[in-house]
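Engineer: Sharing a model prediction with you, sequence too.
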Amino acid sequence: MSATSLRASQAPRERVRLEVRGTVQGVGFRPFVYRRATALGLAGWVANTPAGVTIEAEGSPTGIAALVREMQRAPPPNARVTSIDSAPLFVRGGALFEIRPSVAMGFATTAVLPDIATCDDCLAETFDPANRRYRYPFTNCTHCGPRYSIVEEIPYDRARTTMRRFPLCPDCRVEYNDPADRRFHAEPNACPLCGPRIALWDGTGTVLAERGAALLNAAEALRRGEIVAVKGVGGFHLLVDARKDAAVGRLRERKHRPEKPLAVMFASLAAAAAEAEIGIAEAKLLMSRERPIVLLRRGAGSVSAAVAPGVPLIGAILPYTPLHHLLMAELGFPVVATSGNRAHEPIVIDEQAALLRLAGIADLFLIDDRPVVRPLDDSVARVVAARPMLLRRGRGYAPARVSDAEAAEPGILALGGHLKAVVALGTPAGVVLSQHLGDLDTPEARDGYDAAVADLVRLHRVTPRAVVRDLHPDYHSTGQASVFGVPTLAVQHHVAHIAACMAEHRLTPPVLGVAWDGNGFGPDGTVWGSEFIHLTRSGWERVAHLRPFRLPGGEAAVREPRRSAIGLLFSAFGRDAFAMTDLAPVAAFAPAEQATLGVMLERGVNAPLTTSAGRLFDAVAALIGLRQRTTYEGQAAAELEGIAVDAMAVGAYEFPILPGGNEKPLIVDWAPALELIIADVRAGAPPGAIAAAFHAGLAAAIAGVAIHIGEPRVVLGGGCFQNARLTEATVMALSSAGMTPYWPQQVPPNDGGLALGQAYWAATMGGV
């Protein structure tokens with residue numbers, strides 16, 4: 001035996017089991033481990049498990065240490081390693097390293113990867129005439145493509161996805177088994193020979209064209225101004241030429257969506273920049289792997305004003321699948337790309353259901369034969385205070401964890417609220433948020449919500465041991481809490497808003513929370529909505545709120561800002577409010593209606609008290625003549641934000657802070673601001689200047705309360721903080737006062753964040 005081989009045989013050798021946790025499935029992690037282990041001369045194996053990835057590695061201690069180090073410091077692009085546990089094993093010998101079949105038993109604690117936008121390499125192949133995937137709408141690899149929308153069970157393997165219906169052809173199988181190939185163990189791998197296919201249907205389901213011809217014919221229909229329902233990774237979109245007023249109007253009429261803004265898909269970043277102002281942060285969002293809809297300030301361009309009437313923003317999205325890229329390249333113009341559903345219903349994911357539920361809306365259907373497991377709306381984001389803020393958490397983000405294990409308790413199921421419903425589940429590795437499930441106003445929406453709750457529990461194999469709900473007794477989600485037969489906990493709506501932001505930023509009490517929104521059930525039976533809440537380790541206390549006023553008609557005031565304005569005026573001036581007929585909201589009611597409203601307000605009949613900041617925004621919008629009735633939630637406030645001028649010399653209306661008395665909460669009084677607004681309206685002041693002074697005054701009032709309370713960390717939450725002008729002014733005012741502000745970024749400030757807040761509060765303070 002040579003001296004060299006003798007030294008090699010005597011070199012120290014060890015074997016370890018490595019349990020890797022985090023986002024390590026569907027990201028090419030096993031191929032990465034295989035290649036690195038082989039290069040380091042290690043023997044053993046790697047396999048997916050419900051908990052993540054398990055590795056047995058044998059070789060030199062330095063080689064094993066190098067493998068661990070590379071997994072921690074330089075994993076695949078879409079992977080996220082949260083922990084690596086190591087345990088020694090007996091040395092077995094051997095020289096080969098292999099990828100073993102997945103282990104299906106055990107708790108499902110690994111992260112399921114969201115769907116990922118098409119990578120540059122796959123996009124290049126899709127448009128390369130010499131490539132066998134030329135113009136193939138389902139090109140993908142380990143770095144991109146569908147994940148959450150196709151996975152049926154964990155661990156993530158092709159056999160547990162809807163791709164199991166498509167056996168790999170010989171060429172695709174060679175790629176799948178080649179460690180040097182980009183598609184090594186890419187579970188959704190496919191090509192035109194063996195993968196999913198597209199077809200174009202008419203409204204009866206008759207096949208008009210297939211494959212490439214289907215896409216070309218769909219493009220031609222869009223050029224004619226027709227509405228085409230296109231199946232994407234998370235369900236159907238409704239597409240129409242965004243340049244044509246008549247085509248957009250037809251879509252609005254058929255979908256019963258008269259004014260709510262519609263998203264627009266552009267072929268490229270340059271095409272979007274021709275229509276809107278795009279900063280560096282917005283460009284990063286648009287081009288990110290998540291590909292959300294991004295709200296941009298609109299410029300001059302070809303897109304119809306009917307796409308987003310009344311607001312200066314446009315929701316832009318770039319293609320995120322090869323099908324979208326091919327279609328947009330063929331068209332050469334922007335298209336409306338809105339969710340394929342009827343109002344207040346879930347997005348349609350099945351082509352047969354689309355024929356029924358989108359009948360009378362879509363003229364044609366561009367479908368495919370790859371099943372979608374769960375509906376995924378596009379995510380929505382905007383840049384606020386120089387940072388991205390998610391407004392809707394759907395495709396591309398769900399179901400990625402947003403809070404690590406220390407902020408979670410396994411088995412806590414949080415059911416969210418009624419609007420913008422989202423469900424949260426505590427797992428051993430952290431809190432998982434479901435995709436956006438919409439408003440629970442219809443039987444179809446409620447059925448979809450119930451199915452999503454069951455799906456989240458089943459997929460992660462976590463049996464609920466406690467259920468958390470909103471305090472409101474009449475929400476559908478509240479009723480579902482009893483279904484599981486385990487202890488339940490009710491968390492007040494605005495406490496949950498604050499707790500969601502705390503969970504995102506990994507904060508612990510004490511903090512001062514500022515939760516402003518449209519409404520939330522208050523423990524005192526009134527409608528809360530402008531709450532300053534001091535959270536400590538012993539609980540929470542409401543320390544301030546806006547001056548209350550009545551809402552004549554109750555829920556009707558949500559749809560009619562004029563009612564909020566009347567309630568505000570009556571609270572300030574009594575019956576004299578109805579003599580102010582020069583004000584738009586008073587003039588909007590006939591004399592007989594005014595008399596009825598007066599009786600309701602005097603007697604408090606169907607006129608509940610509220611402290612809602614959202615209704616205050618509505619009232620101001622009505623007072624300046626901007627909006628008396630709305631057709632979608634938050635419309636008046638969005639338009640009020642949109643017209644606010646940017647001039648710094650506008651000033652701010654005063655919202656004095658008054659003592660509540662008898663240790664009651666402080667009162668932020670809107671009365672002085674109301675008088676100034678009325679005076680400015682009568683003087684003919686520009687509405688934009690009034691809106692700007694209103695926003696500035698509210699931000700100053702928030703900072704004033706924070707100074708009064710003396711808590712240095714201030715956490716913002718609630719739908720009002722979707723308003724970039726309010727949030728940015730508040731952050732600046734708090735920072736100038738020496739406070740440290742925190743605001744939602746990865747979790748929506750609106751009710752889409754409630755479930756996370758409920759889970760966090762229950763785990764840290766609720767005692768479940």
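Structural biologist: On my side now, so go ahead.
Engineer: Okay, now the unreliable bits of the stretch 101-250 of the chain?
Structural biologist: 104-111 (pLDDT under 70).
Engineer: Same question for the chain.
Structural biologist: The model of the chain has pLDDT under 70 over residues 1-11, 104-111, 403-408, 647-649, 766-768.
Engineer: Break it into its domains for me.
Structural biologist: 3-99, 198-368, 390-503+751-766, 527-534+543-742 (automatic domain parsing).
Engineer: quick one, longest helix in this protein?
Structural biologist: helix 687-709 (DSSP state H).
Engineer: Could you give me the buried positions within that one?
Structural biologist: For helix 687-709, a neighbour-count test (16 or more other C-beta atoms under 10 Å) marks 687-706, 709 as buried. Glycine gets a C-beta too; all of them are placed from N, C-alpha and C.
Engineer: Also stretch 385-401?
Structural biologist: Using 16+ other C-beta under 10 Å as the test for burial, stretch 385-401 gives 385, 388-401.
Engineer: Next step: these restricted to helices.
Structural biologist: Residues of these located in helices (DSSP H): none.
Engineer: Relative to residue 607, which of those is nearest.
Structural biologist: Proximity of the buried residues of stretch 385-401 to residue 607 (C-beta to C-beta) peaks at residue 391, which lies at 31.4 Å.
Engineer: roughly how far apart are that closest one and residue 424?
Structural biologist: Between residue 391 and residue 424 the computed distance is 18 Å (C-beta to C-beta, to the nearest Å).
Engineer: again, but for residue 715
Structural biologist: Taking C-beta to C-beta, one finds residue 715 at 18 Å from residue 424.
Engineer: same deal with residue 355?
Structural biologist: Taken as C-beta to C-beta, the span from residue 355 to residue 424 is 34 Å.
Engineer: which one of the two has more residues nearby?
Structural biologist: Ranked by neighbour count (other C-beta atoms under 10 Å), residue 355 and residue 424 place residue 424 first, with 31 against 19.
Engineer: list the contacts for the spatially closest residue to residue 28 that is not a sequence neighbour?
Structural biologist: What sits nearest to residue 28 in space, not counting adjacent residues and going by C-beta to C-beta, 6 or more residues apart in numbering, is residue 142, at 3.1 Å. Neighbouring residues of residue 142 by C-beta atoms under 8 Å, 6 or more residues apart in numbering: 27-28, 31, 76, 182-186.
Engineer: Reformat those into CSV and put distance to residue 251 and secondary structure next to each item.
Structural biologist: As requested, those are arranged in CSV below (distance: C-beta to C-beta, whole Å; DSSP: H, G, I helix; E, B strand; the rest coil):
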residue, distance to residue 251, secondary structure
27, 37, coil
28, 39, coil
31, 44, helix
76, 40, coil
182, 39, coil
183, 38, coil
184, 43, coil
185, 42, coil
186, 36, coil
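Engineer: of those, closest to residue 56?
Structural biologist: residue 31 (16.8 Å).
Engineer: Is the closest one in contact with residue 182, as I believe?
Structural biologist: No: at 9.1 Å, residue 31 does not count as touching residue 182 under the criterion of C-beta atoms under 8 Å.
Engineer: Neighbour count: those two, which is higher?
Structural biologist: Neighbour count, other C-beta under 10 Å: between residue 31 and residue 182, residue 31 has more, with 23 against 17.
Engineer: show me what contacts the more buried one?
Structural biologist: Residue 31 neighbours (C-beta under 8 Å, 6+ apart): 99, 142, 179, 184-185.
Engineer: who wins for most neighbours among those?
Structural biologist: When neighbours are taken as other C-beta under 10 Å, the top entry among these is residue 142 (26 neighbours).
Engineer: Can you report phi and psi for that residue?
Structural biologist: With angles defined as degrees, to the nearest 10, residue 142 sits at phi -70, psi -10.
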